[in-house]
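Engineer: A predicted structure for the sequence below; I have some questions about it.
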Amino acid sequence: MLGDFFRENSKVALAFSGGVDSAYLLYAAIKYGAQAKAYYVKSVFQPQFEFDDAMRLANELGADMQVLSVDVLADSMVAGNPVNRCYYCKKVIFTTIAQAAEKDGYKILIDGTNASDDAGDRPGMKALKELSVRSPLRECGLTKDDIRRLSKEAGLFTWDKPAYACLATRIPAGENITEEKLEKTERAEAYLSSLGFSDFRVRMFGNAARVQVREDQLRLVFDKRREITDELRKYYGVVLLDLEVRG
């Protein structure tokens, strides 16, 4: 079915994040002979490793990729961080991509939303609908598990990449987002990653860091407790461990 989509829509612009879904979508577009251009939006909401992964995947596929720099915090609704912040952020990001794509001659804009994504839990999907963004993976009924399996079969290094939400999600809704808060979040998470943690979060809780890890990595937290505390205290007043572990 995905092949049919790209045969019917043979020239597409892809909102590309370097994550599992958009990575497979870029691979599939090329595989099925579509003329596809990937647009990566670089902002303070994305950590460096996401950009590095996007660049690596595009290079491995020989894909046409353009990097667009966007100041998302210039939008007061994004910086104000309301409950539906994702809606306003998506509007900024996808409007920027759509404008660049139109200049390049692309009239169809697609993204990596899949059939497992619940529209009720994602305010950003309202923005995608308003901007007429197509979601081929969702349209073809491909779930996250399907995409991971197909990505593994295709030899994409992203096949087992943990799900990742942007850095802004670490800041409680209603609390103003600043570049400083995002930077210390990225530094804290980069440090934990260097210790071997995966699929974790360092969330802001007042002046505290609330660390969330998978249950199978709790032992590593205790083994590295002193190192973690010393490093994160550079950025936060208190370091807390959330015992409601990540699924």
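Structural biologist: Noted; the coordinates are in hand.
Engineer: Going by C-alpha atoms from here, please, whenever you check contacts or count neighbours.
Structural biologist: Will do.
Engineer: Domains in this structure, by residue range?
Structural biologist: Per automatic domain parsing, the domain ranges recorded for the chain read 2-160, 178-241.
Engineer: how far does the longest one sit from the chain's center?
Structural biologist: In terms of C-alpha atoms, centre = their mean, to the nearest Å, the gap separating the centre of domain 2-160 from the centre of its chain is 9 Å.
Engineer: Please state the mean pLDDT value computed over that domain.
Structural biologist: Domain 2-160 shows a mean pLDDT of 93.
Engineer: From one end of it to the other, what's the distance?
Structural biologist: Between the opening and closing residues of domain 2-160 we find a distance of 21 Å, counting by C-alpha to C-alpha, to the nearest Å.
Engineer: Which elements pack onto the helix or strand hosting E60?
Structural biologist: Following DSSP states H and E, one finds E60 within helix 48-61. Judged by 3 or more C-alpha pairs under 8 Å, 6 or more residues apart in numbering; DSSP states H and E, helix 48-61 is in contact with helix 20-31, strand 35-42.
Engineer: So which of the ones you listed is nearest E139?
Structural biologist: helix 20-31 (12.3 Å; C-alpha to C-alpha).
Engineer: Give me the contact list for the helix holding E60.
Structural biologist: 16-19, 23, 27, 40, 42, 64-65, 156-157 (C-alpha atoms under 8 Å, 6 or more residues apart in numbering).
Engineer: can you check stretch 220-232 too?
Structural biologist: If you take C-alpha under 8 Å, 6+ apart as the criterion, stretch 220-232 is touched by 188, 191-192, 209, 239.
Engineer: wouldn't N114 be in contact with L137 here?
Structural biologist: Yes - counting by C-alpha atoms under 8 Å, L137 is a contact partner of N114 at 4.8 Å.
Engineer: So L68 lies in a helix, does it not?
Structural biologist: No - the assignment for L68 by DSSP: H, G, I helix; E, B strand; the rest coil gives strand, which leaves it out of any helix.
Engineer: if you skip the residues just before and after it, what's nearest to it?
Structural biologist: Leaving out its chain neighbours, the residue that sits closest to L68 by C-alpha to C-alpha, 6 or more residues apart in numbering is V41, at 4.8 Å.
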